[in-house]
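Trainee: compute the structure for the input listed below.
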Amino acid sequence: MTKVQAEKIRQEAEDLFLGDDVNLDLSQFPWLSKPLPDESFDDEKFSQIANDRPKSLRNAITRLVNENSTDTEIAGTLRAAGVEDEQRTRQFNTPGWSGEMRFERGAWHFRLESEDGEQKQFKITVADCETAQSQAAKYLDRGRVKIRALTKDESLYVARLAGQGKLADAIQNYISYAIPDYDGTNDVSADMRYQSVCDAAAWYVFLHGTPQYEDSAEAREFINSYAGGRPLTIELLRFGFAAWNEQHKAGRGLLFNQQETESPEALAENLEDLEDSQIDQLFHDVTRESLRSKIRR
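Mentor: Predicted structure coming up:
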C-alpha cells in the first residue's frame, strides 16, 4: 500500500467519524465545531420600530400600557420594568386652578375647580401627559382674571392726577395699572370680574380728589352703606359724603340743644351711646364754643 492510498483511507475514516450523523460532544474542541448560522433573534415587526422610529416605539409602549392597565399581571410586570400606568389619576395644578386629570379613550380628561369655586370639565386629545398639561394651562390662563396691586410710583401718580382734578385720567390710569391685560379699548366697568378693581379705583380717586373729606372707618362705613351695594362711582361717593356731613352736623346740633336743656345725668347717659371719635369731636366743639362765649363777654 502506497502512502497516497494510506492517506486517503485515513481521510475517509476522519470524515466518517466527524459526519453529521455522529452525536459527538465537541464543546471542548470549538475549532472542530461548525460555525452557527448567521441568524437574527429580533422580531422583524418590533425591531423595525425600535431601530427606525424611536418615537413610534415610545407611542407603542404607551398604547401597550394604556390597553393593559386593567390586567394586574401585565401592569405589575410593567411597573417592575419602570413603565408607568398612564391611565392612573393624576393631580393637576396651575395658577388659579387645581384638580385631577385622567387618560381615557385616547384623551386626557380634566376635572378642575378654581380658587373662587368655579368648576370646569374638558378633555385634550393627545397621548403625551406633559403636552396635555401644557395645553390645559394655556387654555385656563386665557380666561383667568389678572389683577395686581399698584406700585408706590403708580399710586403716587394717580393721587397727583386726582389732586389736580383730572379724575377721568386718574381712574383710567388706576385701572390700566391694576389690570395688566387692559388695553383701554373695552369697558371693564361692565364686567363683574373687575368690579372690585373699579370700586377700589373710585374710592382711591375720591379720597385724593376730595381734600375736604376726612377719612375714617366710620365715614367709610356710612358711605358704603349709603351706596347700598351699587357699583361705586366718584359721584355716588360724593353724595354719600354729603349725607355723612349732614348727619354729623345734625348730631352735633342735637347734642348742643340737649346740653342746654337736659340734666347732667341725662346728658351723661346720652354720651355713653356715642363713639369715641364723636365724643372727641364734641369735646373740641364745646371747648371752642366756650372760648367764643368768654371772648364775647
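
Trainee: now do the same contact list for residue 107.
Mentor: When contacts are counted by Cβ atoms under 8 Å, 6 or more residues apart in numbering, residue 107 touches 123, 124, 125, 126. In short, each C-beta sits where N, CA and C put it, glycine included.

Trainee: hmm, 6 Å instead?
Mentor: 123, 125 (Cβ atoms under 6 Å, 6 or more residues apart in numbering).

Trainee: check what pLDDT it gets.
Mentor: Looking at residue 107, its pLDDT is 90.

Trainee: distance of the residue nearest to residue 182 when sequence neighbours are not counted from residue 193?
Mentor: Take residue 182 and drop its neighbours on the chain: the residue closest to it by Cβ to Cβ, 6 or more residues apart in numbering is residue 176, 5.1 Å away. Using Cβ to Cβ, to the nearest Å, residue 176 is found at 16 Å from residue 193.

Trainee: kindly report the same for residue 115.
Mentor: Taking Cβ to Cβ, one finds residue 115 at 13 Å from residue 193.

Trainee: quick check: the gap between residue 165 and residue 210.
Mentor: 11 Å.

Trainee: which of these two has more neighbours?
Mentor: Per other Cβ atoms under 10 Å, whichever of residue 165 and residue 210 has more neighbours is residue 210, with 17 against 10.

Trainee: who are the contact partners of the residue lying closest to residue 90 once chain neighbours are set aside?
Mentor: Excluding the flanking residues, the one nearest residue 90 by Cβ to Cβ, 6+ apart is residue 101, at 5.2 Å. Residues in contact with residue 101 (Cβ under 6 Å, 6+ apart) are 90, 92, 108, 110.

Trainee: part of a strand, is residue 101?
Mentor: Yes - membership of residue 101 in a strand is supported by DSSP: H, G, I helix; E, B strand; the rest coil.

Trainee: report the beta-bridge partners for it.
Mentor: Residue 101 has these beta-bridge partners by DSSP bridges: residue 90, residue 110.

Trainee: give me the three-state assignment for residue 113.
Mentor: Classification of residue 113 by three-state DSSP places it in strand.

Trainee: ok, it to residue 88 distance?
Mentor: Here the criterion is Cβ to Cβ. By it, residue 113 lies 20 Å from residue 88.

Trainee: neighbour count: those two, which is higher?
Mentor: Set residue 113 next to residue 88 and count neighbours by other Cβ under 10 Å: residue 113 wins out with 13 against 10.

Trainee: surely the more buried one and residue 119 touch.
Mentor: Yes - shown here, residue 113 and residue 119 form a contact pair, counting by Cβ atoms under 6 Å, at 5.1 Å.

Trainee: low-scoring stretches of the stretch 101-250 of the chain, by residue?
Mentor: Applying pLDDT under 70 to the stretch 101-250 of the chain flags the ranges 143-144, 184-185, 250.

Trainee: show me the helices in it, by range?
Mentor: 129-142, 152-163, 167-178, 195-209, 217-227, 234-261 (DSSP state H, counting those that start in this stretch).

Trainee: format these as CSV; extra columns: mean neighbour count and distance to residue 73.
Mentor: Output for those, formatted as CSV (neighbours: other Cβ atoms under 10 Å; distance: least, Cβ to Cβ, whole Å):
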stretch, mean neighbour count, distance to residue 73
helix 129-142, 14, 24
helix 152-163, 16, 64
helix 167-178, 19, 59
helix 195-209, 20, 57
helix 217-227, 15, 67
helix 234-261, 14, 72
